[in-house]
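Peer 1: Predicted structure and sequence below. I'll ask about it afterward.
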Amino acid sequence: MKKTILEIYALAVCFVSIICFVVCLGVAGYSLVQIAKPDFTMRSYDFDNYQSNDTYWKMKEGRGSCSKEDKSTIRPSESELTKQRTEAFSLEKASEQRDGEQTLVKTLIVILVDALAFLIHWRIARSARS
């Protein structure tokens, strides 16, 4: 059975579409984990900065200007620092979830375009075969 150039082209596009689909499924799966468990997918450095008041304060004190004047801020009480740390950690997790949601939407758009390309080229390949 001799294949035409049109059929070979259409099947090649289908093959590439399947590879793209598989990669997108992996990215979408990671995005779902990022949405469901943002503290798990957060960078270790960022996660570690919110695990204790001491590490949080060091991180917070290190941000901003490098001048000595800015580093001499008074450390708040432990209860206030815990409150600030938990609020900041919640914001960080919300940002991580948002990143996951954005990536998921982008990936779903690529999967949709990929599926359309696959279906169109699959039909082209079938019609070229007959």
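Peer 2: That came in fine, so what should we check first? Numbering: from 1, shown residues only.

Peer 1: Residue 107 and residue 28 touch, don't they?
Peer 2: Yes - Residue 107 is within contact range of residue 28, at 4.4 Å (criterion: C-beta atoms under 8 Å). Using the backbone N, CA and C atoms, a C-beta is placed for each residue, glycine as well.

Peer 1: need the helix or strand of the protein with the lowest average pLDDT.
Peer 2: helix 53-62 (a mean of 88; mean pLDDT, DSSP states H and E).

Peer 1: how far out from the middle of the chain is that one?
Peer 2: 26 Å (C-alpha atoms, centre = their mean, to the nearest Å).

Peer 1: what do you get for stretch 4-21?
Peer 2: Worked out by C-alpha atoms, centre = their mean, stretch 4-21 lies 28 Å from the chain centre.

Peer 1: Now do that stretch, average pLDDT.
Peer 2: For stretch 4-21, mean pLDDT rounds to 95.

Peer 1: if I look at the residue nearest to residue 122 when sequence neighbours are not counted, how far off is residue 118?
Peer 2: In this structure, residue 122 finds its nearest non-sequential neighbour in residue 14, 5.5 Å apart by C-beta to C-beta, 6 or more residues apart in numbering. Residue 14 sits 6 Å away from residue 118, going by C-beta to C-beta, to the nearest Å.

Peer 1: now swap in residue 8 and tell me
Peer 2: From residue 8 to residue 118 the distance is 16 Å (C-beta to C-beta).

Peer 1: who has more neighbours, those two?
Peer 2: Higher neighbour count among residue 8 and residue 118: residue 118, with 19 against 12, using other C-beta atoms under 10 Å.

Peer 1: ok, the nearest residue to residue 129 once chain neighbours are set aside - how many residues close by?
Peer 2: Among residues not flanking residue 129 along the chain, residue 7 sits closest, at 5.6 Å (C-beta to C-beta, 6+ apart). Residue 7 sits with 17 neighbouring residues when counted by other C-beta under 10 Å.
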